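Peer 1: how would this look folded up:
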Amino acid sequence: MTNDDAPGSTPDARVVHIGLGGADAEGGGSARYLRELVDALAAQGVPARSVVVEDAGTSLVSRLRSVARTCAREAPPPEIVDVHFPLYAVLPIRIGSLRRVPVVAHFHGPWADEAVAAGRAGWTGARTRRAVERAVLRRAAAVVVLSGAFGAEVVQRYGVRRPVSPHQFREIEALHLSCSDARATRAISAITCAAAA
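Peer 2: Reported below is the predicted structural model:
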C-alpha cells in the first residue's frame, strides 16, 4: 500500500484518491487511469494524494486495515474522496474517518461480474462484491462512468440516479450534490474535467 503525493501536491490534499496501484494485471487500466487523473489534476493546480494498494498478495484484512489507517491520518480531511476501487474505499467512506467527506466514484466496470468471469468468485463472493460496489456507488455524490453501457449498469443494477460521463463534466454542476461546500463542488468538477482530458 502506498500513499503517493501527486507532483506539486501539498500535505493538505484537496482530493484523496483510493484505488489499485501498480503495473500488474491486478491494477490494470484502472491503475493507469487513476495515475493519469492525478497528474491531470496536478496540472490544474488541484492538490491530490493517492492511497493505492500495490501488493494484492498480502491478506485482505491487512490491506483493508492499511487503507483505513492511511485514510485516518489525512489531516485535515480532504474536500473530496475519489474512489477507483470500491473494496478499499468502503470502510473509510462508510464508517471510517472519511464518512463525512463528499465522494466521487469512478465505475471502471462490474467488479463482481468480472471476478466471476475470471474464476475468482462464486455466488457468495459475487454477492458480497456487489454489496460493496452498491455501498460505495450509493454513497457517492457523483458516479463517473466511461461509457453509456456502464451508465446503464450503475442505474439498473446499483440504483445510481444519474451517472456522469467524463465527457459530460459540465453537467455535474447541475447535479444535486450531497455536499453544500462550494469548494467540494469545484473539486468534483475538476475531477470530472480532468477525467475527460
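
Peer 1: for the host helix or strand of residue 131, which positions count as buried?
Peer 2: Following DSSP states H and E, the helix or strand that holds residue 131 is helix 123-139. In terms of neighbour count (16 or more other Cβ atoms under 10 Å), helix 123-139 has its buried residues at 126, 129-130, 132-139. Every residue, glycine included, has its C-beta placed from N, CA and C.

Peer 1: Report the next helix or strand after the helix-or-strand element of the chain with minimal mean pLDDT in sequence order.
Peer 2: For the chain, using mean pLDDT, DSSP states H and E, the weakest element among its helices and strands is strand 2-5, scoring a mean of 53. Next helix or strand after strand 2-5 toward the C-terminus (DSSP H and E): strand 15-20.

Peer 1: What are the contacting residues of that following strand?
Peer 2: With contact meaning Cβ atoms under 8 Å, 6 or more residues apart in numbering, strand 15-20 is reached by 26-28, 30-31, 34, 37-38, 41, 46-53, 56, 67, 71, 74, 78-85, 88-89, 92, 98, 187, 190-191.

Peer 1: what lines up beside that strand in the sheet?
Peer 2: Sheet neighbours of strand 15-20, with direction, are listed as strand 48-53 (parallel), strand 80-83 (parallel) (DSSP bridges).

Peer 1: With just CA atoms, put the last one into PDB.
Peer 2: Meaning strand 80-83. These are the backbone C-alpha positions of strand 80-83, laid out as PDB (Å, rounded to 0.1, in the frame of the first residue of the first chain):
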ATOM      1  CA  ILE A  80     -13.300  15.100  -1.800                       C
ATOM      2  CA  VAL A  81     -12.600  11.400  -1.800                       C
ATOM      3  CA  ASP A  82     -12.300   9.900  -5.300                       C
ATOM      4  CA  VAL A  83     -12.900   6.200  -5.400                       C
END
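
Peer 1: Quick check: mean pLDDT of whichever helix or strand comes after it?
Peer 2: Using DSSP H and E, the helix or strand that follows strand 80-83 towards the C-terminus is helix 86-94. Confidence over helix 86-94, taken as the mean pLDDT, stands at 92.

Peer 1: again, but for stretch 54-65
Peer 2: Predicted confidence along stretch 54-65 averages 83 (mean pLDDT).

Peer 1: Can you get me the start-to-end distance on it?
Peer 2: Across stretch 54-65, the straight-line distance between its terminal residues is 14 Å, by Cα to Cα, to the nearest Å.

Peer 1: cool, stretch 87-105 as well?
Peer 2: Start and end residues of stretch 87-105 are separated by 12 Å (Cα to Cα).

Peer 1: Which positions in it come out as buried?
Peer 2: Buried residues in stretch 87-105, counted by 16+ other Cβ under 10 Å: 87-93, 97-98, 101-105.

Peer 1: quick revisit: if any of the contacts of strand 15-20 are buried, put those into a PyMOL selection.
Peer 2: This is the PyMOL syntax for the buried subset of the contacts of strand 15-20, where burial follows 16+ other Cβ under 10 Å:
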select buried, resi 26+27+30+31+34+37+38+41+46+47+48+49+50+51+52+53+67+71+74+78+79+80+81+82+83+84+85+88+89+92+98+187+190+191
